[in-house]
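S.K.: Output the structure for:
(2 chains)
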Amino acid sequence: AQKITQTQPGMFVQEKEAVTLDCTYDTSDQSYGLFWYKQPSSGEMIFLIYQGSYDEQNATEGRYSLNFQKARKSANLVISASQLGDSAMYFCAMRSSNSGYALNFGKGTSLLVTP
Amino acid sequence: KAGVTQTPRYLIKTRGQQVTLSCSPISGHRSVSWYQQTPGQGLQFLFEYFSETQRNKGNFPGRFSGRQFSNSRSEMNVSTLELGDSALYLCASSLNLGLASGANVLTFGAGSRLTVL
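M.R.: Sure, this is the predicted structure:
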């Protein structure tokens, strides 16, 4: 069975600083996708970044980058130059054929950016 | 282009009633998935539809059902509501089924927040 673990229930970061949100996963699949989503208090899940299991380069999307360490089964999200608008819940998720391609989510990390 | 639209955004029902939630996917997206989000259980997969057929189903009782129409719009229904069904119900659409790299990312709607009294 697949499992996504986010060990940080809550994080604080000062504006303009970088922050790393941890995510580890467990799967026996060789082919899978890893995703990060942001959920503000409004409720909508906003896609941030994707990493395929066969991608050799770490994914980057603007201020977001994914530190993918396949052997350690970790996919940490790095947010550079944090902004007040980054305050939200962040979810790590995985998708693979074993789950019928359903997204399997972690419990999430609540990030608060302070001035 | 328009995103995923879910209606209604908020609703209140009483135990034993039934509810129908609607989801209009992004134009051109053929796959629609539904997820339930609660504080206790987190985000859980309900089902996925593609070309009007249910392709995958999560571990929920038969009171939870859904369908997809020929225009890819989808509805989910919960019958005989229980207090524990209070949740945010999220709909997501994607181009196709499967992993297919980042091109097949799920785009979510704002959700329908159901309160059961």
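S.K.: Where does the prediction get shaky in the chain?
M.R.: Went with chain A since none was named. By pLDDT under 70, the low-scoring segments of chain A are A:1.
S.K.: ah, no, chain B please
M.R.: Along chain B, segments meeting pLDDT under 70 span B:1, B:99-103.
S.K.: Output the set of residues of it in proximity to chain A.
M.R.: Within chain B, the positions adjacent to chain A are B:33, B:35, B:42-43, B:45, B:48, B:55-56, B:58, B:88, B:90, B:92, B:97-99, B:101-102, B:105-111, B:113 by Cβ under 8 Å from any Cβ of the partner chain. All C-beta atoms are positioned from the backbone trio N, CA, C, and that covers glycine.
S.K.: can you give me the strands in chain A?
M.R.: Along chain A, the segments classed as strands by DSSP state E run A:3-5, A:10-14, A:19-21, A:24-26, A:32-39, A:46-52, A:60-61, A:64-69, A:74-79, A:88-96, A:104-105, A:109-114.
S.K.: Between these, which one is closest to B:P25.
M.R.: Judged by Cβ to Cβ, the one of the strands of chain A that comes nearest to B:P25 is strand A:46-52, at 14.5 Å.
S.K.: That closest one pairs with which strands?
M.R.: The pairing partners recorded for strand A:46-52 under DSSP bridges are strand A:32-39 (antiparallel).
S.K.: re the thing from before, could you turn the buried ones of the residues of chain B next to chain A into a PyMOL selection?
M.R.: A single PyMOL command selects the buried members of the residues of chain B next to chain A (16 or more other Cβ atoms under 10 Å in any protein chain shown):
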select buried, chain B and resi 33+35+43+45+48+55+56+58+88+90+92+97+98+99+102+105+106+107+108+109+110+111+113
